[in-house]
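> Fold the following and give me the result.
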Amino acid sequence: MDETAELSCPDNDMMNPALTMTTQVSAILVLSHVFQIFLKPLGQPAPVAQILAGFVLGPSGLSRSPPIHFFFFQDFAVDFYESMALYCRISIMFLIGLEMDIPYLMRNLRPASIIACGGCLMCTLFASTISFFVYEETGSRGSQFTLALVITVILANTASPIVFRLVADLKFATTDIGRLAISSSLIADMYAVFILVIISGEKNKQTVKSWVLMAFFSLLLLVGIIIFTSRLVNWLNRRNRNKKNLQAVEVMLLCSVILVAAMTLETMGFSSIIACFLMGSTFPRGGKSARTLLAILTYTVHNFIFPIYFGYTGFKADMRYLNELKRIAIVLMVIVLSIGGKIFGTLAACHYLKTPLNEGVLLSFLMNMKGHVDILTLTTAMQNKVINSSVFYNLMVSAVVISSLISASLISFLVRREKDMIGIKHIPMEYHSPDKELKLLACVHSSHPVNSMVRLIVSLKGSDNVPISPYLMHLVELPKKNEKNTSLYEQEEGERSDDEQDGINDAVQINEAVDMFIEETKMMIFQVKIVSPFLTMYQDVCDFADDMRTSFIVLPFHKHQRIDGKFENGKESIRTTNQKMLRHAQCSVAILVDRGHTTTGTQVAGSESLQQIATLFFGGPDDREALGFSKRLSTHHHSSVTVFRFLPTSAKDPNVGIDVAQKEEDVCVSIQDQGTEVEEADSSALANFYHRYVTSGKVRFVEKYVDNGAQTAMILREMAETYSMFVVGKGSRGDSRVTTGISDWEECPELGVVGDFLASSEFDISGSVLVVQQHR
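Below is the predicted model:
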């Protein structure tokens, strides 16, 4: 498009458009941060502050002053501004594609499409009814049909970048409604881009045959670039196998390929918005290329490009054109019909999908966010002389900005009000269906436990058609001497201590282990890194888990086992962090004791080996949570789960026990008879578990009768060589007949009585122990 044309600069340096653009960008960044300081306590998201910053700087605010207006609105500056907006769009849409949860989009393509189409069709209908009136009242000339298409885009478009930023800023991007809003906004963007292509074709008056031929070549180019990028990324990953990240030159090479492809599509007359999203969504996720590019783009886009892009939307609004009553009426009419069309269309779609009304209302306002394809459509139509009324242009830009500000404020209010819908909803594993998506956070301090963590993630994957979103978090200690100065990665090589250098080496080994796992299983693990002092590290982990809505957190044991089988003490601060996590986490927490003699995390065990898993049930909420883990583990085709229920010998009765019951009513009666031995909640959980998993043959169930902890310990030792993983609840601090005396002393109370015994040196196994605590 025209933004790709060569730009020239005047000789006067003070009138250089590059200088005015730099000044504009700097002013928008400063003003957006200032507005955010005042608006954030009021619950307003960042896009509101950024749009307002551009609005204040533009002709509606400071640029009313003639010297400022002359400085910002030079003849050649407009081309520079549009070129800047183009580069911003390319970066933003590629990042959205790179971060997009594609499996979720594919699973929910039907509801997302219905919601997007509902709002778009209603807005299209409204646009067709007011186009003649707007055409006459704004003194427009040219094709009335083309103006109707422009109004359709303005009313129907949903700005996916603003929705993407808004749901992230309000901290519900990982909820179902947040992901559905992003998916629906992308589909609405595609509809708007399709209309934009039609409007762009009006300039050259292309025949249908030539347009189809050009579209075919554009599609061919896009497919070729995607294939070429995939091959290039795989080669770069192999080339940098033993490195932490890609080199700067290699990053520039990848960015250049994406930029050249986008600019080529623009010069061919097609918008690169959808193409950049597709290039990002098809970018190979595993490996150092995606990891490096994602880290660079995330920081750059969120801190610089988003404020500039949203600020430029507000900068274009000129309220001076609202100097007549009929013009004000036109803007109000467009705003009302835009919001009304989205509300009616989206609510109708939500009613069809049986979505709750409060979620439908929130989706309606999210789908009304403007300031993306609509602004581009107005600019393209003006540049191509398809529309030539400056009044129409400025009124529509004003309507877009005002509509976005209204919707964003209402969304913020609805999110604060609907805390039950948007807030953190922890569902214990005891009640979590194995058929539902599972979100888990696995933490590691070094490369030692990575192998076991990855095996656990594989086991919790369940059946192949069940979604899982695993996050692997690398926890890096920030030494006290660097807390107020430089971070670990800003130091020179010679300034790092041995521990810091080991942390960087661990990062390389962890990345390599995860990359090998993704290549082998085609299952995505999202990597996260936190650099924090141990004193507050638990809070950072809890905050991230809350933001991601994880069902549980897996922590590494503070000791690791050497090759000779003896435990080596780790940092006491790691143990302290685990204890704080057990107290403060808003979800279930598990501690993984790696006893598989694993000394490196660079070799990932394959998922094809059969894993024998033993779940130990003594009673209580933590053991019920461990039983919930067993549900998920049992659905994996390479896991064999056996549940061992420990009971006192006095409870032994030939007519009591769920292992001899064959019918549902028999089980219920037999468990109810044990009311003096097992709590009612335990009985209900065991009954449900037995009917669904034991009777179907997915899980084996065995009851063990013991008199004291010594007999329990003996049974556990007999099981040591048979099972590769033990799952047990942490349990309460109270004494139990079946666990009393299981060990001479309790070394690690955070593991509970049984967990402490399984993790002790007197219990010799070559597997892992998972100690589970249910969120209270």
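
> buried sites along stretch 103-116?
104, 105, 108, 111, 112, 113, 114, 115, 116 (16 or more other CB atoms under 10 Å). Heads up, the C-betas are built off the backbone N, CA and C, glycines and all.

> who are the neighbours in contact with residue 152?
Residue 152 sits next to 123, 124, 127, 128, 195 when contact means CB atoms under 8 Å, 6 or more residues apart in numbering.

> Using the three-state scheme, assign the third one.
In terms of secondary structure, residue 127 is helix; the call rests on DSSP: H, G, I helix; E, B strand; the rest coil.

> Hmm, it is touching residue 157, no?
No. The pair residue 127 / residue 157 is not scored as a contact, 10.9 Å apart, by CB atoms under 8 Å.

> quick one: which of those two has more around it?
Taking other CB atoms under 10 Å, residue 127 and residue 157 do not tie; residue 157 has more neighbours (32 against 24).

> who's in contact with the closest residue to the more buried one other than its chain neighbours?
Leaving out its chain neighbours, the residue that sits closest to residue 157 by CB to CB, 6 or more residues apart in numbering is residue 192, at 4.0 Å. Residues in contact with residue 192 (CB under 8 Å, 6+ apart) are 153, 156, 157, 158, 373, 374, 377.

> and of those, the nearest to residue 359?
Nearest to residue 359, judged by CB to CB, of the contacts of residue 192 is residue 158 at 16.4 Å.

> which residues of the stretch 151-300 of the chain score low on pLDDT?
Low-confidence segments of the stretch 151-300 of the chain (pLDDT under 70): 202-206.

> those helices in it, which residues are they?
Along the stretch 151-300 of the chain, counting by DSSP state H, counting those that start in this stretch, helices occupy 160-169, 176-204, 208-239, 248-267, 273-281, 288-300.

> any chance of those helices in a markdown table, plus distance to residue 97?
Output for the helices of the stretch 151-300 of the chain, formatted as a markdown table (distance: least, CB to CB, whole Å):
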| stretch | distance to residue 97 |
| --- | --- |
| helix 160-169 | 10 |
| helix 176-204 | 9 |
| helix 208-239 | 11 |
| helix 248-267 | 10 |
| helix 273-281 | 2 |
| helix 288-300 | 11 |
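
> Residue 414 is in contact with residue 362, isn't it?
Yes. If you go by CB under 8 Å, residue 414 and residue 362 touch, sitting 5.1 Å apart.

> How much space separates residue 313 from residue 26?
18 Å (CB to CB, to the nearest Å).

> again with residue 557
Distance from residue 557 to residue 26, by CB to CB: 50 Å.

> So residue 414 and residue 362 - more neighbours on which side?
residue 362 (25 against 19).

> sorry, back to before: residue 431: which of the helices of the stretch 151-300 of the chain is closest?
Per CB to CB, nearest to residue 431 of the helices of the stretch 151-300 of the chain: helix 176-204, 17.2 Å.

> relative orientation of the closest one and helix 273-281 in degrees?
140 degrees (axes from the mean of the first three to the mean of the last three CA atoms, to 10 degrees).

> hey, which helix or strand in this structure has the poorest pLDDT?
helix 664-672 (a mean of 41; mean pLDDT, DSSP states H and E).
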